[in-house]
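[1] next comes the sequence, and after it the predicted model I'd like to discuss.
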Amino acid sequence: MNDNVEKRRSERTVDDVFAQAMAEPDIRGRSLWVDAWHRLLRNRAAVVSGVLMILIVLAVVVGPMIAPWAGDFTDWDNTSSPPSLETGHWFGTDAVGRDILVRTLEGGRISLLVGLVATLVSLVIGVSYGAVAGYYGGMTDRIMMRVVDIIYALPFMFFVILLMVVFGRHIILIFVAIGAVNWLDMARIVRGQTLSLKNTEFIEAARACGVDHHSIILRHIVPNLLGVVIVYVTLTIPQVILVESFLSFIGLGVQEPMSSWGALVNNGAQDMESAPWTLVFPAVFLTVTLYCFNYIGDGMRDALDPKDRA
Amino acid sequence: MALLDVTGLEVEFETPEGTVRAVSNLDFHLEEGETLAIVGESGAGKSQMMMAIMGLLAENGRARGSALYRGADLLGMTARELNAIRGNQIAMIFQDPMTSLNPYMTIEQQMTEVIMHHRKLKRDEARAQAVEMLRAVRIPDAEERIRQYPHEYSGGMRQRVMIAMGLLCEPELLIADEPSTALDVTVQAQITQLVRELREQAGMSIILITHDLAVVADIADRVMVMYAGEVVECGSAEDIFYNPQHPYTRGLLDSVPRLDRASDQDLHAIPGNPPNLLDLPVGCNFRDRCDEAREECREPPPVWRDETGRMSRCVLPMEGGKRVDPDGTGPESRATNSASRENRE
Amino acid sequence: MSKPVLRVQDLSVTFTSLAGSVFNRQERQIRAVDGINFELFAGETLGIVGESGCGKSTLARAILGLLPPNRGRVMWMGDNLTELDEEAMRQRRKELQIVFQDPVASLDPRMTAGDIISEPLWTFYPKMARLQVDERTRGMMKMVGLLPNQINRYPHEFSGGQCQRIGIARSLVLNPRLLICDEPVSALDVSIQAQIVNLLQDLQKKLGLALIFVAHDLSVVRHISDRVMVMYMGQAMEVSEKERLYRKPLHPYTNALMKSVPVPDPKLAAAARRENWLTGDMPSPYRRPKGCVFHDRCPFKVKRCEADVPPLRRMENGDRVACHRAEDLDLSVVEA
């Protein structure tokens, strides 16, 4: 009898609750992305870096447009002049009188562009390649990953020099060269993640529901990879910028009159004793950018995978 | 004097969603040689309570109150003092033996390390002890198997190794957090049996943390039932199993599927879901899921006690109990507690 | 009696693992499922019980074609599922569904409850109107006891029991004929377990499902099953009608499993302890005992058990058992 009373009670309340819920509007869910975003916003270093990065990007994009000088304008009255407000060259000029501020901002355009484009290239190739290899596994995986190993074994510098010699120095080639190497890492990371994701129960559940392979990769694997991928991307951008700087520094990068932070640092290094400002300003921009990306990447990692934090 | 005497324990966690009170206003004591079972479901705070006492809370956690172990307050100890007590006088066993064992070291390396560290013995003496302990927990071919790695053991054997490691330093108190939950029923029975025998041989006190009342029936002297961070009922095993007072305890007992009862009716279920500590109901925490819920339950429930140490936290009067209203240090903290809840709503 | 909807014949799954060094490669084989036979009728519930590692989950997956069997047939409504090509099998998945053990891990953490439940609909009826999908999804949520206005919530915002309800809703959204539940309650709190078992039982009656309920202990299965199959080391030890099995198990292993179910009663627990004779662990799958696989843990073994493999034979009442001594052992349960 007791059971019956209890049953009636619980049934009634369930119906009441449902009736009530039917009338109420839908509750908004809080996705893992939103959670991660809130965690990221609480990370001071990442937020400061983010703000700095936005400022740098804005300066780099807008700066050259509103600057009183063009990047290749030669101010013969002020060659190698130190930073000063009077001359209007806030960061000084180089040996041929070009304004360092404008040059630095223009160089930043190239550096950041290389970083972004090369990373995007590696992202697209790496994620699709890695996800396919990891998901299908077996022979497909083995062959695909051997290809990666072989490309990996090519000496990078040799590869770049070869490209330059064959096709001439061109900025597109830098994208190609860096992207061609960077997607390998991405593919390996994505493949590893996919392998472990593939065995989770929700993938098995999707298979049991008749979802085809194509949709499983697109709807379940890739969204669940994104966390790792985003972190890796934010850490790849500075790496690419650094590689470009290195190429420019040894003279394989962008060509005059175009410039990048690496090229500027290279020029500056030659006049380091007589005009240190030609080295310091581009170097500061380069370093700050690299720092910012690293902090943002770290922040993202903490935000996206809170379990790893402890 | 009790071996362990916990008073006014509160455990809070700072989370992005706000402060979570995992344990509130908890008192209990453990006598020497006694086995106390702490029963509760997910979110009851039973594990967090032990973690707090052992100084193993996660970084965002805070504990208040006192936990006197032989008169010394564990909550006020430095990490070094705690370390000396953990492993030597108090041993802990966790639910998942695989994550508590180092997969890259053999069982021998892991066991002798503990002995050599705590007992200052030589390697071969330590080894002999380790083998002996493995025999005690009935690992077959202990001499051989001690050289193997954790993954070469079955789940039940790993848990037995964990128990063996816990007992190496002959602790006075063994804290077992869901020691048999991950195991098959057949192995579960063996582990409980083993713990019981070892308790008799060594005269240990045991705190068993579990959600499984059936395991409790097999081993406990006294039982403490927790719900949403509070003790809802406490008493001897006999009292709890044969004369449960709190509706939650009764519900838990009824929801265990049993072979010795008729099978044609529905299983008894407690309706609703385990408590969300961020969004507890006003008044009694169990109100939403309780068969006996009534208007008065919107107030914090009274506490009933009798002279045997039996306790229940419910509007329903406890048989032979006196209303102690509210418990011990209660009035202010309960009042502010419910006030802050109301503010949130 | 009508024809069975599902007939599993001699189904075997073998896993191969590599052992030894690079120079001395050895293939080791584990017979996870070893010659299983059973049939299932429409609206019937078969409980499959055994300790972890006995192959019960592998069997469930092999029936659904999630793992390739290396021998045997799965006859579903006249078709042998093991011979279907991928696309044909995919189409049959509308009729065969599964609920997983871990309620949280079986839901994609980046999808909302609504997306998860409606995914099978999108998959098989891509042209279905959005409104219709939404309506069906909400209907399913209500049917499994979830508030439909939580349709946009994510799995981590639900409790374990609620997640399992989402999993059940997903598996039923296509109106399957067979539902396999792989330990659907073992990861849940005790008070919630009963809710889920009762829900499954109600849904089965309402929808006329054939149900396979996999569990590691006999107590849960008892409430929901019509027949129970007990597995040990990939083999069926006993397949019996429920009441008979619980009153008088035919196989010593069934008896041992029953004895080891813990009772929430201190006095009975003490009594049960004295009767519990099952010791030791299941042997390593690499070292499968000769003869009866259970003989080294069986107190009733005779010489013959060490040499001859007992076949799963049919008793007079239709129950089946794989034990040489089934007739002369009396393992009846004494009613308390």
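    Alright, I've got the coordinates.

[2] so where's the chain uncertain?
    If you meant another chain, say so; for now it's chain A. For chain A, residues meeting the criterion pLDDT under 70 lie at A:1-23, A:68-73, A:75-76, A:78-80, A:84-90, A:92, A:95, A:97, A:306-310.

[3] switch to chain C, please.
    Checking chain C against pLDDT under 70 turns up C:1, C:18-22, C:334-336.

[4] tell me which stretches of it form strands.
    C:6-19, C:26-40, C:45-49, C:71-76, C:79-80, C:96-99, C:178-182, C:210-215, C:227-232, C:235-241, C:313-314, C:320-321 (DSSP state E).

[5] wait, which of the ones you listed is closest to chain A?
    Closest approach to chain A among the strands of chain C (C-beta to the nearest C-beta): strand C:96-99, 4.8 Å. In this view, the C-beta of every residue, glycine as well, is placed from N, C-alpha and C.

[6] my read: residue B:278 touches residue B:16, true?
    No. Checked against C-beta atoms under 8 Å, the pair residue B:278 and residue B:16 is beyond contact range at 10.6 Å.

[7] find the residue ranges of chain B scoring beneath the pLDDT cut-off.
    B:97-98, B:262-265, B:325-345.

[8] center of it - which residue?
    Geometric centre of chain B, nearest residue: residue B:209, 2.5 Å, by C-alpha atoms, centre = their mean.

[9] list the contacts of the helix or strand harbouring it.
    With secondary structure defined by DSSP states H and E, residue B:209 is part of strand B:205-210. For strand B:205-210, the external contacting residues (C-beta atoms under 8 Å, 6 or more residues apart in numbering or on different chains) are B:3-4, B:30-39, B:46-47, B:50, B:172-181, B:195, B:199, B:215-216, B:219-220.

[10] same question for stretch B:194-204.
    For stretch B:194-204, contacts defined as C-beta under 8 Å, 6+ apart pick out B:32-33, B:35, B:136-138, B:160, B:163, B:167, B:170-174, B:176, B:179, B:206, B:208, B:218-219.

[11] so which of those are in strands?
    Per DSSP E, these map to strands at B:35, B:173, B:174, B:176, B:206, B:208.

[12] count the neighbours of the spatially closest residue to residue A:186 that is not a sequence neighbour for me.
    Distances taken as C-beta to C-beta, 6 or more residues apart in numbering or on different chains put residue A:126 closest to residue A:186, at 2.6 Å, once the chain neighbours are dropped. Here the number of neighbours of residue A:126 (other C-beta atoms under 10 Å in any protein chain shown) works out to 27.

[13] give me the three-state assignment for residue A:126.
    Recorded secondary structure, residue A:126: helix (DSSP: H, G, I helix; E, B strand; the rest coil).

[14] buried subset of the contacts of stretch B:194-204, written for ChimeraX?
    In ChimeraX syntax, the buried subset of the contacts of stretch B:194-204 is picked out as below (16 or more other C-beta atoms under 10 Å in any protein chain shown):
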select /B:35,136,137,138,160,163,167,171,172,173,174,176,179,206,208,218,219
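
[15] which residues does the residue nearest to residue A:186 contact?
    Residue A:126 touches A:182, A:183, A:184, A:185, A:186, A:187, A:189, A:190, counting by C-beta under 8 Å, 6+ apart.

[16] now tabulate those residues in JSON lines and tack on secondary structure and neighbour count.
    Below are the contacts of residue A:126 laid out as JSON lines (DSSP: H, G, I helix; E, B strand; the rest coil; neighbours: other C-beta atoms under 10 Å in any protein chain shown):
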{"residue": "A:182", "secondary structure": "helix", "neighbour count": "22"}
{"residue": "A:183", "secondary structure": "helix", "neighbour count": "26"}
{"residue": "A:184", "secondary structure": "helix", "neighbour count": "19"}
{"residue": "A:185", "secondary structure": "helix", "neighbour count": "17"}
{"residue": "A:186", "secondary structure": "helix", "neighbour count": "26"}
{"residue": "A:187", "secondary structure": "helix", "neighbour count": "26"}
{"residue": "A:189", "secondary structure": "helix", "neighbour count": "18"}
{"residue": "A:190", "secondary structure": "helix", "neighbour count": "28"}
